[in-house]
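Q: Have a look; sequence and predicted model below, questions after that.
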Amino acid sequence: MNTAKYLFPSDYMADPSAHVFKGKIYIYPSHDRDSGIAENDNGDHFDMRNYHVFSIQDLEKDSVTDHGVVLSVENIPWAGRQLWDNDVAEKDGKYYLYFSLKDKNDVFRLGVAIADKPEGPFAAQDNPIKGSYSIDPCVFAENGEYYIYFGGIWGGQLQRYRNNKAQEKGGVFPADNEPALCAKVARLRSDMLEFDEDPRDVLILDENGDPLTQGDTDRRFFEASWMHKYKGKYYFSYSTGDTHRLCYAVGESPYGPFVYKGVILTPVVGWTTHHSIVEHNGKWYLFHHDCVPSGNVTWLRSMKVVELEYNEDGTVKTIEGTAEN
């Protein structure tokens, strides 16, 4: 697959989280809709209301199957609005969907919903995860342990918190020459429903071993955490948000620290870039989205996939996006 392939251009699905369950790829996107809300930096126009699940056996020749709506805002007891990015993990035959949603006080929390099948439907827990905040959950499993990564600045509200506590004066960013705000990671409890520890910073270092700074917008974390492992190394990938790149950093542990290595995907048509990376049938794939089918330059996104390749030294070959230079 040398060129990117749209997976479901007839509707606007974004932020695709892909996993292999039972030998098949399952994709868990968010669902863009034209809400009629004016665009702003808080992301109020991203007023998504439900999730679909998609599956595909062979990315090279098959089309996706849409399993329909598997969770909606009205079925989540603590819901306010804006059902943003999600991810799914399997444990002991149960499937756990982790989602970001604003509560009734308009504060983003992380929630959990459970299903007996990867295609759902999912039933939400009565309350969000204790101590959770911000957006964009991603779960990485290894040796029976499950780690959840999360966080996003601007509309994702990460800047409101320090040391896992909401600040009295929320929304204050570090100075440009100070260490950048970090994504968060926490090990999940054995029942998969709560954190088993306080979330930690996902620290990204430059080539000199110094933390990336808030003003380094070409490289610093903005949102869209993803974790995968390749040849014994942990690859933390993420979006730089307002500079529209997918970047990655490599570490020796799921907790990091991670050393910045480069760009996975150059800018696409669309303000945000959000992704997942998965191996299937001996090949690696990058799932992401852009706004080309909708004709919109900022949102109403469609999910797509392209093969991802590595160099011999383990670095990722940069993929060219759809945005014009």
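A: Arrived safely.

Q: low-scoring stretches of the chain, by residue?
A: Where the chain drops to pLDDT under 70, the residues are 325.

Q: Longest strand in it, by number of residues?
A: Scanning the chain for the longest strand, with DSSP state E as the assignment, gives strand 79-91.

Q: Report the strands that pair with it, each with its relative direction.
A: Taking DSSP bridges as the criterion, strand 79-91 forms sheet pairs with strand 94-103 (antiparallel).

Q: residue boundaries of the helices in the stretch 101-250 of the chain?
A: Applying DSSP state H, counting those that start in this stretch to the stretch 101-250 of the chain gives no helices.

Q: Strands of that one, residue ranges please.
A: Taking DSSP state E, counting those that start in this stretch, the strands of the stretch 101-250 of the chain run over residues 108-115, 123-124, 138-142, 145-150, 161-162, 165-166, 183-187, 200-202, 204-205, 223-230, 233-239, 246-251.

Q: which of the residues in stretch 24-38 are buried?
A: For stretch 24-38, burial by neighbour count (16 or more other CB atoms under 10 Å) applies to K24, I25, Y26, I27, Y28, P29, S30, H31, D32. Yep, even glycine has a C-beta here, placed from its N, CA and C like the rest.

Q: Just the CA trace of that stretch, in PDB.
A: Provided in PDB are the C-alpha atoms of stretch 24-38 (Å, rounded to 0.1, in the frame of the first residue of the first chain):
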ATOM      1  CA  LYS A  24      -8.900  -8.800  12.300                       C
ATOM      2  CA  ILE A  25      -8.300  -5.100  12.400                       C
ATOM      3  CA  TYR A  26     -10.900  -3.100  14.400                       C
ATOM      4  CA  ILE A  27     -11.000   0.700  14.100                       C
ATOM      5  CA  TYR A  28     -12.400   3.000  16.700                       C
ATOM      6  CA  PRO A  29     -12.800   6.600  15.400                       C
ATOM      7  CA  SER A  30     -14.600   9.700  16.700                       C
ATOM      8  CA  HIS A  31     -17.600  10.800  14.600                       C
ATOM      9  CA  ASP A  32     -17.500  14.400  13.200                       C
ATOM     10  CA  ARG A  33     -20.800  16.100  12.600                       C
ATOM     11  CA  ASP A  34     -21.800  19.500  11.300                       C
ATOM     12  CA  SER A  35     -23.000  20.900  14.500                       C
ATOM     13  CA  GLY A  36     -23.500  24.500  13.300                       C
ATOM     14  CA  ILE A  37     -21.200  25.800  16.000                       C
ATOM     15  CA  ALA A  38     -18.700  28.400  14.900                       C
END
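
Q: how far out from the middle of the chain is that stretch?
A: In terms of CA atoms, centre = their mean, to the nearest Å, the centre of stretch 24-38 is set 13 Å apart from its chain centre.

Q: got it, and stretch 137-147?
A: Offset of stretch 137-147 from its chain centre (CA atoms, centre = their mean): 14 Å.

Q: for stretch 307-321, same thing?
A: The answer for stretch 307-321 is 20 Å, by CA atoms, centre = their mean.

Q: so who does F173 touch?
A: By CB atoms under 8 Å, 6 or more residues apart in numbering, F173 lies in contact with I153, Q159, L181, Q214.

Q: Please convert these to JSON lines, extending it with distance to L110.
A: Output for the contacts of F173, formatted as JSON lines (distance: CB to CB, whole Å):
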{"residue": "I153", "distance to L110": "16"}
{"residue": "Q159", "distance to L110": "17"}
{"residue": "L181", "distance to L110": "17"}
{"residue": "Q214", "distance to L110": "24"}
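
Q: Of all the strands of the stretch 101-250 of the chain, which one is nearest V88?
A: V88 lies closest, by CB to CB, to one member of those: strand 138-142, at 7.5 Å.

Q: helices and strands around the closest one, which ones?
A: For strand 138-142, the packing partners by 3 or more CB pairs under 8 Å, 6 or more residues apart in numbering; DSSP states H and E come out as strand 79-91, strand 145-150, strand 223-230.

Q: residues of that strand that come out buried?
A: Buried residues in strand 138-142, counted by 16+ other CB under 10 Å: C138, V139, F140.

Q: Contacts for that strand next, please.
A: By CB under 8 Å, 6+ apart, the residues outside strand 138-142 that reach it are 17, 87-91, 96, 98, 146-150, 188, 225-229, 254, 276.
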